[in-house]
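J.: here's my sequence, what's the structure:
(2 chains, ligands or ions: 2)
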There are 2 protein chains.
Amino acid sequence: MSKKLTKRSEDYSKWYNELVVRADLAENSGVRGCMVIKPYGYAIWEKMQAELDRMFKETGHENAYFPLFVPKSLFEAEEKNAEGFAKECAIVTHYRLKNDPDKEGKLMVDPEAKLEEELIVRPTSEAIIWNTYKNWIQSYRDLPIKINQWANVVRWEMRTRLFLRTAEFLWQEGHTAHATKDEAVEEAEQMMDVYAEFAERFMAVPVIKGLKTESERFAGAVETYCIEALMQDGKALQAGTSHFLGQNFAKAFDVKYAGKDGKQDYVWATSWGVSTRLMGALIMTHSDDNGLVLPPKLAPIQVVIVPIYKGDDQLDAISEKVQPLIKELRTRGISVKFDDRDTHKPGWKFNEYELKGVPVRLAVGKRDIENNTFEVARRDTLEKEVVPADEVVAKIEGLLEDIQDTIFNKALDYRKDHITEVNTFDEFKEIIDGKGGFVAAHWDGTAETEEKIKELTKATIRCIPIDFDEEPGTCVYSGNPSKGRALFAKAY
Amino acid sequence: MSKKLTKRSEDYSKWYNELVVRADLAENSGVRGCMVIKPYGYAIWEKMQAELDRMFKETGHENAYFPLFVPKSLFEAEEKNAEGFAKECAIVTHYRLKNDPDKEGKLMVDPEAKLEEELIVRPTSEAIIWNTYKNWIQSYRDLPIKINQWANVVRWEMRTRLFLRTAEFLWQEGHTAHATKDEAVEEAEQMMDVYAEFAERFMAVPVIKGLKTESERFAGAVETYCIEALMQDGKALQAGTSHFLGQNFAKAFDVKYAGKDGKQDYVWATSWGVSTRLMGALIMTHSDDNGLVLPPKLAPIQVVIVPIYKGDDQLDAISEKVQPLIKELRTRGISVKFDDRDTHKPGWKFNEYELKGVPVRLAVGKRDIENNTFEVARRDTLEKEVVPADEVVAKIEGLLEDIQDTIFNKALDYRKDHITEVNTFDEFKEIIDGKGGFVAAHWDGTAETEEKIKELTKATIRCIPIDFDEEPGTCVYSGNPSKGRALFAKAY
Ligand SMILES: [Zn+2]
Ligand SMILES: [Zn+2]
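T.: Ligands and ions are numbered 1, 2, ... in the order given. Reported below is the predicted structural model:
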């Protein structure tokens, strides 16, 4: 634990990989591309889940659970969706192993236990869910259906990175069915807003809401809404997407409803999801060269108390002093850890909790006992101060709020500084290769130009921001007319 | 919804299948043996999860997440475990689909995308987890590790039934690592106790704690502890198991630790799990010919209020009257639904909430407004009474407690009536084929006798109860000496 992290300025990517492992968040497993989410990382994910789940339920959604497997015939029903995922899916073909006659104690796939129809491990669940909704929907009275599922999904990515891109990941996927187009579009927009609110209020990660271009859209969607965040290395990260699916899945699975007038029509759909990728966004937005910086609202441990003592008598005195404080903090819903282990020195513990991003650290030594004080340190700025015991609860409550705001504003300032309007392709390349961040540039709206810019600069259109002004102009690449600026960036 | 359920006395199995579907708990999916857990069923499962998760955390466990896939070489490392699951596992062999050249718009498995090593969809996670623990454990200071995971698992069962036996199911699996045998045994026993407490206090399902015989043990375990419940048709249901795994997995994966004295030794292990099978136990223990009966502690809706009115004026008056009551109940943590839909008649709603097992139903009509009363009905006994408005909150709180106790005691009485001591094999067969329930009989301790009894009667040894007296006797089947009585039953 004594070895320092690689600095962000030296190698951002290496810093990230080291941090995820050293802060005990996750590690690579013995299974290609799959990760183990360790207890400390999982505790953060659980806090995210709890808030998101509450927000979904407040907006009228219910949880349910659908099968892990998608039979091939259902998988291929919505053609674009199938095409989008066919190249990266795990396929179950057999249902039994048998003893390998050639290798004592080894097993082999039993060729006689071949499935008649192959099963795809879900990369997303539209197919299996719309095949189910078909039986649930007859009339307008059965609509809307607003269901969410917490699940694992598998996409056979060739290059993987902990949390950011893994073969298996955890996520939630909402799948809703509506009688009208307007209602479905509203739902898709609402969920983008829910994601943005979650990212900003809980993760303290500022995001831009926008629409994807056709080439970046979800396979099978009519429109993909997204929230885009900006990391400290100037690269963008798509943090959540919400899709208006039109009637594509209803048509693929023949899901019609009878309206009040008895007329049959196809059902309108949305789907929306966020995943353990959010962990990557959280880590990369706030953390520094000393380790994680966690927003207090998602920190598994909000306050750690480290005693500084010689001998059992001093430790007893300190323990006695902190017990009522611990109790008081817990009553106020603040999570506290008192680390009185005698196997590690205070300095080691300080480093450890810095590495793990615990927002507030209290230290108590002999002099604090005499003076009735605590030393209080905040993780984000690393500032320390000595606080009288009777003011410490208020101090901590204030700090937790202040840290949440401070790290959000810091990230917001960084992003504001890293949205650059450019009007020529030279400027475009200069910013993308130098300063980084988002580049707001006129684009002629064609997939050809988008593709060409990507080839030349590695930058993609992250989104057409929802709240950008209509501003006619000239495409930075083609010189053709443009209706407004799109946001380009290199991205995770 | 008007059609009556099949009666339990007519066809218990049919009654169960109908109830699960008609109460909107779950249904079969388009994927062989896999179920869709519908929102109402999932809401009950979420309540179970919340309580269990709290109990696991209170006993010092943390959550984490391990990969869905187990490479074949890890799967086969612990031989008995591998043997136990080899015949019913889903196997991923390929990672890509391609367009089928012979069928326009169809996909086929790409033969060029064959995995070098097959991946087994986890039927349980000992192998993948112990392969991970190997890297986490060096010395006694790294122990104990006490981790739980909430996950889906797949066992390719040939005959499936909603909740009771499905190819994919949801569960939690705890996996702990310890320095000593005693500590591991204590952990396994503790988790059996946690499961028993959960079953009895929250599910209101009385259970018998015991040990499995060798032939019923978990594949790879040294000892399997279990809790066994009794259903209304006299069949037993294994509701949870906790395994002392000895050093079997540590040896298979070479996981050693250095003790305080520096000596290397293999690590001791436990694993324990409960699954969505608990939903089956819950449904079958309490429900009746009118539908579900849910224990108030796990009911998604604890109180439903049905207005009985003609015209908007009466509905307005009723709404006005019930709003403060709803608020008061919610403040007390009681979940309430006010069903003011005008699309269904009160009688239909009464049946619907009976079918769904809502513990307490309030009805409010014109006369109740005039008299300032509510009609209060309890689901378990179907008793109704008219209660003055100012007593209704206390009445409801009392009823929720009383229903929880009453259904537990009813189930307990049934079980007490259905444990029969027998001393001859004729008596044994007579009870098993007639009255049913548990048969407490002397057994000579051999797998041969156990197997023979199973062949002749379909009854298996559910467990050797933890708290049974040592009582020497003669085996009912073989006449050989026995150390005590085992509990036999037909089982789910
Ligand atoms: Zn965007
Ligand atoms: Zn048992």
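
J.: from what I see, A:Tyr195 and A:Ile227 are in contact.
T.: Yes - look at A:Tyr195 against A:Ile227 with C-beta atoms under 8 Å: they come within range, at 5.1 Å. Any C-beta I mention is one placed from the backbone N, CA and C, and that applies to glycine too.

J.: tell me, what's touching the two both at once?
T.: Common neighbours of A:Tyr195 and A:Ile227, using C-beta atoms under 8 Å, 6 or more residues apart in numbering or on different chains, are A:Val207, A:Ala239, A:Gly240.

J.: OK, now which residue of the stretch 351-492 of chain A is nearest to ligand 1?
T.: A:Cys463 (2.4 Å; C-beta to the ion).

J.: what comes into contact with the one helix or strand that residue maps to?
T.: Following DSSP states H and E, the helix or strand that holds A:Cys463 is strand A:460-465. Around strand A:460-465, the neighbours that count as contacts under C-beta under 8 Å, 6+ apart are A:208-213, A:216, A:226, A:228, A:236, A:238, A:438, A:443, A:450, A:454, A:484, A:486-491.

J.: ok, stretch A:370-385 next?
T.: A:286, A:290, A:293-294, A:353-354, A:357-365, A:367-368, A:386-390, A:392, A:395-396, A:399, A:402-403, A:406-407, A:410.

J.: could you redo the last one with a cut-off of 6 Å?
T.: A:293, A:359, A:361-364, A:368, A:386-389, A:392, A:395, A:399, A:403, A:406-407 (C-beta atoms under 6 Å, 6 or more residues apart in numbering or on different chains).

J.: just the buried ones from these?
T.: Buried members of these, scored by 16 or more other C-beta atoms under 10 Å in any protein chain shown, are A:293, A:359, A:361-364, A:368, A:387, A:389, A:392, A:395, A:399, A:403, A:406-407.

J.: just the ones in strands from those, please.
T.: A:Arg361, A:Leu362, A:Ala363, A:Val364, A:Val387 (DSSP state E).

J.: near ligand 2, which of those residues show up?
T.: Taking C-beta under 5 Å from the ion as the test, ligand 2 is in contact with none of these.

J.: for the strand holding A:Cys463, C-alpha coordinates in CSV please.
T.: Coordinates of each C-alpha in strand A:460-465 appear next as CSV, following Å, rounded to 0.1, in the frame of the first residue of the first chain:
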residue,chain,number,x,y,z
THR,A,460,-17.1,11.3,-32.7
ILE,A,461,-20.2,13.3,-32.4
ARG,A,462,-21.2,12.8,-28.8
CYS,A,463,-24.5,14.4,-29.2
ILE,A,464,-26.6,17.2,-30.6
PRO,A,465,-27.3,19.0,-27.3
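
J.: still on that earlier bit, derive a PyMOL selection command for the buried subset of the contacts of strand A:460-465.
T.: Here is the PyMOL command that selects the buried residues among the contacts of strand A:460-465 (16+ other C-beta under 10 Å):
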select buried, chain A and resi 208+209+210+211+212+213+216+226+228+236+238+438+443+450+484+486+487+488+489+490+491
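
J.: which of the contacts of strand A:460-465 are close to ligand 1?
T.: Near ligand 1, by the rule C-beta under 5 Å from the ion, you find A:Gly210, A:Cys226, A:Glu228 out of these.

J.: A:Val31 belongs to a helix, doesn't it?
T.: No - A:Val31 is assigned coil when assessed by DSSP: H, G, I helix; E, B strand; the rest coil, not a helix.

J.: next, the residue nearest the centre of chain A: phi, psi?
T.: Per C-alpha atoms, centre = their mean, the C-alpha nearest to the average position across chain A is that of A:Leu278, at 1.4 Å. For A:Leu278, the backbone dihedrals (degrees, to the nearest 10) come out as phi -60, psi -30.

J.: alright, that wraps it up for me.
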